[in-house]
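K.L.:
Give me a 3D structure for the following:
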Amino acid sequence: MCLAIPAKIVDIKDGMGTIDMDGTKREVSLLLLNDAQIGDYVIVHAGFAIHKIDESEAMESLKVLREMADIVDDEFPE
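P.N.:
Got it, this is the predicted structure:
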């Protein structure tokens, strides 16, 4: 199973974007998006930004992902 994560584009250079995923920065390809801009929220999968989403949608998705991570941490403590 794969999971696509929402992230904010914080820099663009030569068809690559630096994204911020809840504090973690990564480089992704923007080749699948025609009009990606700094500040856009995108869905990232396998190193590619595959779809733009609005900020409220991104925040809701991140909230759900955090809640799921908390449940897993509670059920399977280290």
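
K.L.:
chain center to whichever helix or strand I19 is part of, what's the gap?
P.N.:
With elements delineated by DSSP states H and E, I19 resides in strand 16-21, which encompasses its position. Mean C-alpha position of strand 16-21 versus that of the full chain (Cα atoms, centre = their mean, to the nearest Å) differs by 8 Å.

K.L.:
likewise stretch 26-42?
P.N.:
10 Å.

K.L.:
do the same with stretch 59-66
P.N.:
Between the mean C-alpha location of stretch 59-66 and the chain-wide mean there is a distance of 11 Å, by Cα atoms, centre = their mean.

K.L.:
Buried residues, it. List them.
P.N.:
S61, L62 (16 or more other Cβ atoms under 10 Å). For every residue, glycine as well, the C-beta is placed using N, CA and C.

K.L.:
do the same with stretch 24-39
P.N.:
Judged by neighbour count (16+ other Cβ under 10 Å), stretch 24-39 contains these buried residues: V28, L30, L33, A36.

K.L.:
Can you verify the first one is assigned to a strand?
P.N.:
Yes. Applying DSSP: H, G, I helix; E, B strand; the rest coil, one finds V28 inside a strand.

K.L.:
Check the contact between it and M21; I expect there is one.
P.N.:
No. The pair V28 and M21 does not pass the contact test of Cβ atoms under 8 Å, sitting 9.6 Å apart.

K.L.:
quick check: longest strand of this protein.
P.N.:
Longest strand of the chain, by residue count under DSSP state E: strand 5-13.

K.L.:
and that one, which residues are buried?
P.N.:
By 16+ other Cβ under 10 Å, the buried positions in strand 5-13 come out as I5, P6, A7, K8, I9.
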